[in-house]
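>>> okay, sequence plus prediction incoming.
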Amino acid sequence: MLALYRKYRPVVFGDVIAQEHVTRTLINQVKHGRVTHAYLFTGSRGTGKTTCARIFARAVNCLSPVDGSPCGKCEACRALSGAGNIDIIELDAASNNGVDSVRALRDEAIYSPAQVKKRVYIVDEVHMLSTPAFNALLKTLEEPPENVMFILATTEPQKLPATILSRCLRLDFKRVPQVLLMEGMRRICAEKGSALKLLANCADGSVRDGLSVLDQVLASGQKQIDRNDVLEYIGAAGEDFFIELTDLTALHKVPEALLLLDQALADGKDVR
């Protein structure tokens with residue numbers, strides 16, 4: 001069974017939440033045919049960088065885009081969605097950060113796409129590349145093949161060399177507000193009151209993290225899940241615990257406060 005964050009991953013720009021400033025730019029680029037050769041997607045984890053990169057890669061190759069998004073029906077969309085797709089290549093720079101990996105990418109990029117207009121390279125966690133690897137990538141970004149596009153994604157743009165930054169169109173993804181995370185979760189599960197708010201709060205602005213926690217909670221098979229159930233699953237203490245601990249501390253009741261803390265630790269709560 002697919003994890004929720006994979007099952008409900010957006011396939012068109014209209015499904016992406018809280019990133020209208022990014023999707024609007026990408027949609028306009030597709031509509032007006034002003035696609036550039038290199039993009040930099042930055043932002044905290046789980047905000048939609050890789051998802052938008054995949055949608056954009058299909059959109060620039062789509063034969064009949066619908067409002068700037070891939071139609072999902074044309075020959076190009078079917079080719080890019082199939083198991084044999086070799087024209088959208090994803091590279092994880094965290095595990096392929098050496099110069100040899102980038103050189104192999106550079107050597108491959110000179111060949112025409114197999115089935116579509118543009119071959120798209122999505123390089124995730126690009127800040128993890130070594131200095132020689134960045135130098136090799138820079139050469140390709142300076143003189144890119146006409147039929148190739150690069151989408152670099154990172155959570156730490158400050159670690160990228162200025163020479164790389166200057167050659168990319170940068171788009172910054174923002175953290176997803178709690179209210180929008182809650183709305184998204186409501187579309188997936190039945191209304192769960194305060195438990196849903198707690199789940200969204202635990203996500204800390206990340207759609208992927210929020211759905212992962214929701215997946216964990218729903219795996220219990222319970223029909224109704226309340227706030228205490230969520231606290232139990234995520235290993236966190238509720239507000240009541242912090243209020244009581246604060247009161248005991250303010251009243252200088254050190255033994256009682258330590259006993260309360262000891263009980264929370266014995267229950268397996270996260271020390272943080």
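Received the coordinates, thanks. Numbers count the residues shown, from 1 in each chain.

>>> can you list the weak-confidence ranges in the stretch 151-272 of the chain?
188-196, 198-199, 202-205, 216-240, 267-272 (pLDDT under 70).

>>> can you give me the strands for it?
169-172 (DSSP state E, counting those that start in this stretch).

>>> quick one, helices of it?
Secondary structure of the stretch 151-272 of the chain by DSSP state H, counting those that start in this stretch: the helices cover 162-165, 178-186, 194-203, 207-218, 227-234, 239-250, 254-266.

>>> can I get those helices in CSV with mean neighbour count and distance to residue 155?
Every C-beta, even on glycine, is put in place using the N, C-alpha and C of the backbone. Below are those laid out as CSV (neighbours: other C-beta atoms under 10 Å; distance: least, C-beta to C-beta, whole Å):
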stretch, mean neighbour count, distance to residue 155
helix 162-165, 14, 15
helix 178-186, 17, 19
helix 194-203, 20, 16
helix 207-218, 21, 12
helix 227-234, 18, 22
helix 239-250, 13, 29
helix 254-266, 13, 31
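
>>> can you redo these as CSV with distance to residue 49?
Formatted as CSV, the helices of the stretch 151-272 of the chain follow (distance: least, C-beta to C-beta, whole Å):
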stretch, distance to residue 49
helix 162-165, 16
helix 178-186, 17
helix 194-203, 16
helix 207-218, 10
helix 227-234, 25
helix 239-250, 33
helix 254-266, 36
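
>>> nearest to residue 43, out of those helices?
With distances scored as C-beta to C-beta, the stretch of the helices of the stretch 151-272 of the chain nearest to residue 43 is helix 207-218 (11.3 Å).

>>> now do the closest one against helix 178-186, angle only.
Angle, helix 207-218 to helix 178-186, by axes from the mean of the first three to the mean of the last three C-alpha atoms, to 10 degrees: 50 degrees.

>>> now do helix 207-218: which elements does it pack against?
helix 4-7, helix 178-186, helix 194-203, helix 227-234 (3 or more C-beta pairs under 8 Å, 6 or more residues apart in numbering; DSSP states H and E).

>>> in the stretch 1-150 of the chain, which segments are predicted with low confidence?
Judged by pLDDT under 70, the stretches of the stretch 1-150 of the chain that qualify are 1-4, 82-84.

>>> now the most centrally placed residue in the chain: phi and psi?
What sits nearest the mean C-alpha location of the chain, by C-alpha atoms, centre = their mean, is residue 46, with 3.2 Å. The phi/psi pair for residue 46 (degrees, to the nearest 10) reads phi 70, psi 20.

>>> before we move on, back to that, out of the helices of the stretch 151-272 of the chain, which is closest to residue 106?
Among the helices of the stretch 151-272 of the chain, helix 162-165 comes nearest to residue 106, with 14.2 Å by C-beta to C-beta.

>>> just the endpoints, please. Distance across stretch 26-37?
13 Å (C-alpha to C-alpha, to the nearest Å).

>>> quick one: buried residues of that stretch?
By 16 or more other C-beta atoms under 10 Å, the buried positions in stretch 26-37 come out as 26-27, 29-30, 35, 37.

>>> keep only those of these that are in helices.
Counting by DSSP state H, these place 26-27, 29-30 in helices.

>>> can you list contacts of the strand or helix carrying residue 59?
Here residue 59 sits within helix 49-61, counting by DSSP states H and E. Helix 49-61 has contacts (C-beta atoms under 8 Å, 6 or more residues apart in numbering) with 9-13, 16, 19, 22-23, 26, 30, 35, 39, 41-43, 65, 68-70, 76-77, 80-81, 87-88, 90, 116-118, 120, 122, 124, 149, 151, 153, 173.

>>> among those residues, which are in helices?
Under the assignment DSSP H, these contribute 22-23, 26, 30, 76-77, 80-81 to helices.
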